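*Asks:* Any chance you can model this:
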Amino acid sequence: MATISSAGIGSGLNVDDLVSKLVATERTPITQLARKTEGLKTELSSYGKVQSTLSTLRDAASKLTTPGTWSGTLATSSDPTAVSVSAGAGAAIGNVSVEVKNLASSQTLVSGTPYASSTTTVGQGSLTITLGAWGKDVDDNTTFTDKAGATPVTIEIGAGKDTLAGIRDAINAAGAGVTASIVNDASGARLTLRSTASGETNGFRIDAGGGLADLGYDPRVGITSMIQTLPAQNARALINGIDVSSESNTLKEAIDGLNITLLKTSTVPASIAVSQDKDSIKKLITDFTTAYNAVNALLREQTKYDSAAKTAGPLQGDSTAVGLQNQLRSIMGGTTSLAGSIGRLAQLGLEPGSDGNIKVTDSKLNTGLSDLDSIKKLFMGLDGTNSSNDGFAQRIRSYIDGALNSDGRLTSRQTGLQKQIDSNGKRSSELEDRVAMTEARLRARYSALDTQMAKLNNLSSYVTTQMNKLNNE
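*Replies:* Sure thing, here's the model as predicted:
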């Protein structure tokens, strides 16, 4: 008897189609489970977005609960072309007078002898550069005091380095506290030397040996082959009438909390005004409302139902999401007695709209910022007996911290969703195994049926043939 090689050949039944339809019916629970899992994943993704925006809001609230936020100062100069200023920690509110007498400068020398070009040979020998302060004694003689902690640097100029450019490069590579460059004027190329740092103690002398006599400088002994174009001097300023000297034009320690930079000499003192930095505080408050509005808008979008389109947001009807939305709105619309006459955010110009977003009225906010002490309490005040009376930033930060904790409302919801997704994945795998077994069983049964049908068909054919023979005899 011939072997049946394809299901249905023996019986004429479409076995593959029949089995496929039966298996498809068996797969219905898997399809439903997959659809449910996709919904859970969408919810989990939505909660991820909510978590991100809540974290941003918490950070914005935290800045308003930081004491340093409210102690920030702003410094301005009446003459920023002569004196610039910035305020740091510890700057006292008030006014400071600054009159610039001298700017700090670096000693600068230029070679008296011009050279044809930078490649002209100058000579070989040594240059010893010593940092220190130039001065005068009682007899008006020039003096030089070596700089404490600095060591004289000797630079050997040999063959291959004895051009003007070679000497420049050798000096720059020596780290002697002096920078060399070449300046070209109408007479030719000249070597210039400038102390790297400004201030009286950063002057320098040059002991030149060998064939480098034209590059020496030591007025004490009459050596002025190099010509001084700028002396090394300290900056001097009268600050509130007090004479202040500095090796640089930046005064960081003259007055606590102020960084003062001297830009040019002046005969009229510049007035530095130090006030509370209201602009920075205003920005932090508006950043806080922007972060809140982002959370509110996201929760509104995720929980809404569009009756026209008959579609629901991923978190529509979700008690956790609705609870978050309601609680945040309740906090922002609440009151506190800690700030005296200002008890609501709306009084500061932060008014909730019909959509729950906070709208900022700039004029009201500017007026409110005139009383920073009260505004500080409105946001970061703490009531030791009643936390619901804390400042608004304190309450928002505390609520979000609780929601995002490992056992918080939001985290617990996310964990629950992930467990359902994992459970559905496991159940789906089990159902897939069962469908595979069912399909194998059905194919085995129909194959057996196909074989039996083939046998019966063959027998029927044989009987028919024999009957025809008998009828023809």
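*Asks:* Tell me how far A312 lies from T303.
*Replies:* Counting by Cβ to Cβ, to the nearest Å, the gap from A312 to T303 is 9 Å. All C-beta spots, glycine's among them, are computed from the backbone N, C-alpha and C.
*Asks:* Tell me which of the two has more neighbours.
*Replies:* Ranked by neighbour count (other Cβ atoms under 10 Å), A312 and T303 place T303 first, with 19 against 14.
*Asks:* Hmm, that one is touching T320, no?
*Replies:* No - counting by Cβ atoms under 8 Å, T303 does not reach T320; the two are 10.2 Å apart.
*Asks:* what's near enough to touch P314?
*Replies:* By Cβ atoms under 8 Å, 6 or more residues apart in numbering, the contact set of P314 is 39, 42-43, 45-46, 302.
*Asks:* and if we set it to 10 Å?
*Replies:* 39-47, 49, 301-303, 321 (Cβ atoms under 10 Å, 6 or more residues apart in numbering).
*Asks:* try D355
*Replies:* With Cβ under 10 Å, 6+ apart, D355 has these contacts: 293, 296-297, 300.
*Asks:* Repeat that for M437.
*Replies:* With Cβ under 10 Å, 6+ apart, M437 has these contacts: E26.
*Asks:* Report how many residues lie close to T76.
*Replies:* T76, neighbours per other Cβ under 10 Å, totals 14.
*Asks:* now do T451
*Replies:* For T451, using other Cβ under 10 Å, the count is 16.
*Asks:* I'd like the distance between it and R443.
*Replies:* Taking Cβ to Cβ, one finds T451 at 12 Å from R443.
*Asks:* Pull out the buried positions in stretch 17-31.
*Replies:* Judged by neighbour count (16 or more other Cβ atoms under 10 Å), stretch 17-31 contains these buried residues: 19, 26-27, 30.
*Asks:* residues contacting the spatially closest residue to L263 that is not a sequence neighbour?
*Replies:* The shortest distance from L263 to any non-neighbouring residue, by Cβ to Cβ, 6 or more residues apart in numbering, is to A82 (5.6 Å). By Cβ under 10 Å, 6+ apart, the contact list for A82 reads 98-100, 237, 261-270.
*Asks:* Now do stretch 59-77, average pLDDT.
*Replies:* Averaging pLDDT along stretch 59-77 yields 92.
*Asks:* try stretch 300-311
*Replies:* Averaging pLDDT along stretch 300-311 yields 85.
*Asks:* got it, and stretch 162-182?
*Replies:* Throughout stretch 162-182, pLDDT has a mean value of 97.
*Asks:* And stretch 140-157, by the same measure?
*Replies:* Here the average pLDDT along stretch 140-157 is 96.
*Asks:* okay, how far is it across it, tip to tip?
*Replies:* End-to-end distance for stretch 140-157: 35 Å, by Cα to Cα, to the nearest Å.
*Asks:* Dump the contacts of A82 to TSV, plus neighbour count and distance to D277.
*Replies:* Output for the contacts of A82, formatted as TSV (neighbours: other Cβ atoms under 10 Å; distance: Cβ to Cβ, whole Å):
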residue	neighbour count	distance to D277
V98	26	20
E99	19	26
V100	22	26
A237	27	25
T261	17	19
L262	25	23
L263	16	23
K264	11	27
T265	14	30
S266	17	26
T267	8	31
V268	9	27
P269	20	24
A270	23	20
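*Asks:* In strands, which of these fall?
*Replies:* 98-100, 237, 261-262, 270 (DSSP state E).
*Asks:* For the stretch 251-400 of the chain, give me the ranges with low pLDDT.
*Replies:* For the stretch 251-400 of the chain, no stretch has pLDDT under 70.
*Asks:* Tell me where it has helices.
*Replies:* Applying DSSP state H, counting those that start in this stretch to the stretch 251-400 of the chain gives helices spanning 278-303, 319-332, 362-368, 372-380, 392-404.
*Asks:* would TSV of those with distance to A165 be doable?
*Replies:* Below are those laid out as TSV (distance: least, Cβ to Cβ, whole Å):
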stretch	distance to A165
helix 278-303	51
helix 319-332	70
helix 362-368	62
helix 372-380	61
helix 392-404	63
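*Asks:* which residues in the stretch 51-200 of the chain form helices?
*Replies:* Under DSSP H, counting those that start in this stretch, the stretch 51-200 of the chain gives helices at 67-70, 164-174.
*Asks:* Specify the stretch among those that is closest to L348.
*Replies:* L348 lies closest, by Cβ to Cβ, to one member of those: helix 67-70, at 14.7 Å.
*Asks:* so how far is the closest one off the chain centroid?
*Replies:* Helix 67-70 has its C-alpha centroid displaced from the chain centroid by 20 Å (Cα atoms, centre = their mean, to the nearest Å).
*Asks:* Can you name the residues in contact with it?
*Replies:* Contacts with helix 67-70, where a contact means Cβ under 10 Å, 6+ apart, come from 62-64, 89, 276-277, 280-281, 284, 372-373, 375-377, 379-380, 393.
*Asks:* Show me which parts of it are buried, residue by residue.
*Replies:* 69-70.
*Asks:* Just the CA atoms of that helix, as CSV, please.
*Replies:* The C-alpha atoms that make up helix 67-70 are tabulated as CSV, following Å, rounded to 0.1, in the frame of the first residue of the first chain:
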residue,chain,number,x,y,z
PRO,A,67,18.6,78.5,52.8
GLY,A,68,21.4,79.7,50.4
THR,A,69,18.7,80.4,47.8
TRP,A,70,17.3,83.2,49.9
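*Asks:* Can you tell me how far D401 is from Q51?
*Replies:* Distance of D401 to Q51, computed by Cβ to Cβ: 13 Å.
*Asks:* got it, and A116?
*Replies:* Counting by Cβ to Cβ, the gap from A116 to Q51 is 74 Å.
*Asks:* hey, what's I182 bridged with?
*Replies:* L191 (DSSP bridges).
*Asks:* Next, count neighbours for it.
*Replies:* Quick note: I182 (other Cβ under 10 Å) scores 16 neighbours.
*Asks:* wait, doesn't it sit right on R168?
*Replies:* Yes - under the criterion of Cβ atoms under 10 Å, I182 makes contact with R168 at 5.8 Å.
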